[in-house]
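[1] here is my input, please return the structure:
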Amino acid sequence: MARLATGGMGEIFLARLEGAAGFEKLFVVKRILPHLADDARFRGMLIAEAQIASKMSHANICQVYELGETDGQLYIVMEYLEGITMLPLLRRCSKENNPLDFGFVGAVIQQATDALHYAHELRDRNGEYMGIVHRDVTPSNIFLTESGVAKILDFGIAKVKDATAHTQPGTVKGKYAYMAPEQLRGASVDRRADVFALGVATYEMLALRRLFQRKTDYLTFRAVMEQPIPDVRRYRPDVPDVLAETLNRALDRDPDQRYETARLFGTAVLDGLGKRPWTQGELSDFLKASFSSELHQRTAEVSQAIHRTKPGTPSVGRQTMPLIVQDDPPLDDDEDEFPSVESTLSDAPPLEMLRRNANTGQPGDFVGTTPPPFGGDSRTGSGPSLDALLPPASQQRRSILWPLVAVAAVGIAGAALFLV
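    Residues are numbered from 1 along each chain as shown. You can find the predicted model right below:
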């Protein structure tokens with residue numbers, strides 16, 4: 001009936017299921033972009049997403065109902081949700097300098113951690129532990145429905161235990177600003193990477209500042225890997241000390257120092273807030289009051305699309321499928337609305353880092369190289385790890401020595417001219 005969004009590899013549509021006696025129900029259909037439909041890699045990713053999601057049934061996870069294929073086009077059918085993601089909410093609150101109530105934060109984190117813990121603990125029909133890791137827990141993938149339910153979206157790049165068919169060793173998948181350091185390195189990850197990502201999202205809900213997102217991929221990488229994390233109380237002074245310590249533990253760069261499970265992190269957040277989490281009714285009331293015009297506009301657009309495609313509705317000429325605009329504009333457009341924390345990082349690679357890499361050439365260390373954009377979007381990636389971007393050690397040595405030789409040559413020439 002209508003196109004909801006288009007991404008780097010797929011697009012999603014609004015669809016309607018019709019039945020007897022006027023029965024109808026709305027769904028979302030996700031498919032691979034037509035020019036990528038025959039790519040075995042993208043087909044494998046969509047199939048893997050459907051297979052993982054089909055095994056999950058939880059109130060706080062977006063449900064997948066079907067995997068099908070028509071004319072060589074794979075598609076999955078998912079539940080249709082009415083509401084917004086956390087990203088536009090954070091943008092608005094940051095722009096208006098309107099801190100989120102601790103009860104709201106507690107409610108969202110409680111539901112999100114329940115969903116992630118369920119996914120992390122999931123076993124197949126044989127009782128085998130699946131070892132699911134979402135790997136893309138971000139404000140864009142936490143959806144708040146009009147009824148006050150928080151749902152985790154998009155297990156499209158989720159990892160299961162021992163799976164190697166679609167994620168080769170050393171591959172980076174996810175949004176860079178929410179990746180755990182071990183994920184950025186392309187190393188193996190477990191549920192603690194999702195704890196880190198949700199820790200970033202929780203920090204941003206409290207501070208109304210982006211924690212690691214910067215203007216370039218290089219600066220974002222460096223922020224995740226090495227920049228000291230500012231105390232959240234710098235931006236939200238009323239955050240209890242216990243909650244600040246909880247965030248510090250969730251955001252520890254050493255996974256062994258983080259909370260072992262999402263449930264433990266969620267419990268620690270609720271204990272640290274010192275206030276009961278909001279009910280679903282309170283979440284719903286807040287959402288409807290804060291985004292009344294946007295929700296009404298979306299409802300009107302969906303109603304128009306339904307009426308337009310009902311059997312027997314007269315059509316005038318050739319019509320194109322309408323686009324129902326999404327709430328999440330590109331990240332580059334919202335720096336003023338949702339700014340990052342203060343950063344002391346410069347655009348130039350640290351000299352000591354370059355020297356260390358030039359001398360050792362050790363893989364796994366973050367180095368001062370800016371990776372190319374992945375899929376046209378530098379914030380979301382499925383590409384090579386940082387190790388794959390490194391030139392050989394001999395080339396690194398040349399990159400340091402040649403500028404020194406050039407400077408020395410210029411100095412000698414200048415001295416000669418002066419003597420003349």
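
[2] in the one helix or strand Ala15 maps to, what's buried?
    According to DSSP states H and E, Ala15 maps onto strand 10-18. Within strand 10-18, the residues that count as buried by 16 or more other C-beta atoms under 10 Å are 10, 12-15. For every residue, glycine as well, the C-beta is placed using N, CA and C.

[3] skipping adjacent residues, who's closest to Phe291 in space?
    Nearest residue to Phe291, sequence neighbours excluded (C-beta to C-beta, 6 or more residues apart in numbering): Ile84, at 5.8 Å.

[4] where does the one you found sit: helix, strand or coil?
    strand (DSSP: H, G, I helix; E, B strand; the rest coil).

[5] strands along the chain, start to end?
    Along the chain, counting by DSSP state E, strands occupy 2-6, 10-18, 24-32, 64-70, 73-79, 83-85, 142-145, 150-152, 171-175, 380-384.

[6] any chance of those strands in JSON lines, plus mean pLDDT?
    Output for the strands of the chain, formatted as JSON lines (pLDDT from 0 to 100):
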{"stretch": "strand 2-6", "mean pLDDT": "82"}
{"stretch": "strand 10-18", "mean pLDDT": "88"}
{"stretch": "strand 24-32", "mean pLDDT": "91"}
{"stretch": "strand 64-70", "mean pLDDT": "92"}
{"stretch": "strand 73-79", "mean pLDDT": "92"}
{"stretch": "strand 83-85", "mean pLDDT": "94"}
{"stretch": "strand 142-145", "mean pLDDT": "97"}
{"stretch": "strand 150-152", "mean pLDDT": "97"}
{"stretch": "strand 171-175", "mean pLDDT": "60"}
{"stretch": "strand 380-384", "mean pLDDT": "41"}
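
[7] dump those strands into CSV; add distance to Ala300 as well.
    Below are the strands of the chain laid out as CSV (distance: least, C-beta to C-beta, whole Å):
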stretch, distance to Ala300
strand 2-6, 12
strand 10-18, 13
strand 24-32, 15
strand 64-70, 26
strand 73-79, 21
strand 83-85, 15
strand 142-145, 18
strand 150-152, 23
strand 171-175, 31
strand 380-384, 30
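
[8] picking that back up, what pairs with the residue nearest to Phe291 across the strands?
    Counting by DSSP bridges, Ile84 forms beta bridges with Leu144.

[9] Phe13 against Ala2, yeah?
    Yes: with contact defined as C-beta atoms under 8 Å, Phe13 counts as touching Ala2 (6.7 Å).

[10] thinking again about what came up before, for the strand holding Ala15, which strands pair with it and how are they oriented?
    According to DSSP bridges, strand 10-18 forms sheet pairs with strand 2-6 (antiparallel), strand 24-32 (antiparallel).

[11] I'd like the average pLDDT over stretch 155-166.
    Stretch 155-166 shows a mean pLDDT of 66.

[12] picking that back up, which one, of the strands of the chain, ends up nearest to Thr261?
    Nearest to Thr261, of all the strands of the chain, is strand 150-152, at 15.3 Å by C-beta to C-beta.

[13] perfect, that will be all.
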